[in-house]
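[1] Provided below for reference: sequence and predicted model.
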Amino acid sequence: MQALKYFYYEMGPKLFGEYGFKDAFNETKGWMAESYLAIDQGPVIVMIENYRTGLCWNLFMSCPEVQAGLKKLGFAF
C-alpha cells in the first residue's frame, strides 16, 4: 500500500493516466511508457481486495475440492 500511495500521489500524472497506471517505468532514468497493459489491471484489484478482507483466500479455502487436495498433499489447516 505504501508503494501504491507513492506511485499515485508522488509520481502522479507521469505514471497514472486516463486508463490507470502506465505499463512500465524507470524512475532513475525518468522514463515512462506511453502504453497501458490492461491484462495486469484485473489481478491488481483482486489482490487489493484480498489484502483488505481476505475474501479471495477465504473463498478458495472454503472449497471442498481444495480442502481435499490439501489433505492429500499432507497440509494441515
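    Structure received.
[2] And this protein, what are its domain boundaries?
    Here the domain parsing of the chain from automatic domain parsing is 1-36, 38-77.
[3] mean pLDDT lowest for which of these?
    For the domains of the chain, the weakest mean pLDDT is recorded on domain 1-36, namely a mean of 88.
[4] tell me the centre residue of this protein?
    V44 (2.7 Å; C-alpha atoms, centre = their mean).
[5] Check which helix or strand that residue maps to.
    helix 41-53 (DSSP states H and E).
[6] Skipping adjacent residues, who's closest to F7 in space?
    Nearest residue to F7, sequence neighbours excluded (C-beta to C-beta, 6 or more residues apart in numbering): L15, at 5.5 Å. The way it works is simple: take the backbone N, C-alpha and C, and place the C-beta from them, glycine included.
[7] Hmm, that neighbour is touching A24, no?
    No. Assessed by C-beta atoms under 8 Å, L15 is found out of contact with A24, at 9.8 Å.
[8] Which one's more surrounded, the two?
    Taking neighbours as other C-beta atoms under 10 Å, L15 and A24 compare with L15 leading, 18 against 11.
[9] Quick one: residues contacting that one.
    F7, Y8, F21, K22, F25, M32 (C-beta atoms under 8 Å, 6 or more residues apart in numbering).
[10] Farthest-apart pair in these, please.
    The most widely separated members of the contacts of L15, counting by C-beta to C-beta, are Y8 and M32 (14.0 Å).
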